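Colleague: with the input below, show me the fold.
(2 chains)
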There are 2 protein chains.
Amino acid sequence: MANVTLKVEGMTCGHCVSSVEKAVGNAGAAGKVDLASKKVSIEYDEAKVSLDKIKAAIEDQGYDVV
Amino acid sequence: MANVTLKVEGMTCGHCVSSVEKAVGNAGAAGKVDLASKKVSIEYDEAKVSLDKIKAAIEDQGYDVV
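Modeller: Below is the predicted model:
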């Protein structure tokens, strides 16, 4: 398993938190958003999902991984 | 039919806009949010729904009608 923390711009409220965490989950990883710091802690299995796929899933929801 | 514009605090993103417009709709009225001005334009039938009920529906979603 791998752990990474991404900085994500554009999250403003609890709905955004849910959208991002759901997107990470749908990509096959586990994400936890800290809205105040705009950070998303992600745990994933490198054998099953790539970090690029996870980033793409977040960006598909309209947020910027910076 | 009556028309009223409410000022609503706490809306930050498109998800919030959807939540407020859906709440107004579920209350039996029609609402349109302008996020930039934090205003919600509402059209409703006074014979069928009270303004208090519409305000309560918005506040139930976690926003403040000011």
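
Colleague: residue contacts, the spatially closest residue to A:Tyr44 that is not a sequence neighbour?
Modeller: Distances taken as C-beta to C-beta, 6 or more residues apart in numbering or on different chains put A:Ala29 closest to A:Tyr44, at 3.6 Å, once the chain neighbours are dropped. For the C-beta atoms, the positions are set from N, CA and C on the backbone; glycine is no exception. Contact analysis of A:Ala29 by C-beta atoms under 8 Å, 6 or more residues apart in numbering or on different chains lists A:42-45, A:49, A:54.

Colleague: check which helix or strand covers the residue lying closest to A:Ala2 once chain neighbours are set aside.
Modeller: Spatially, and ignoring its direct neighbours in sequence, A:Ala2 is nearest to A:Glu46 (5.0 Å; C-beta to C-beta, 6+ apart). For A:Glu46, there is no host helix or strand (DSSP states H and E).

Colleague: got TSV for the contacts of A:Ala29, with distance to B:Gly14 and neighbour count too?
Modeller: Shown next, in TSV, are the contacts of A:Ala29 (distance: C-beta to C-beta, whole Å; neighbours: other C-beta atoms under 10 Å in any protein chain shown):
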residue	distance to B:Gly14	neighbour count
A:Ile42	24	23
A:Glu43	28	13
A:Tyr44	27	21
A:Asp45	32	11
A:Val49	27	17
A:Ile54	22	23
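
Colleague: please consider this matter closed, and thank you.
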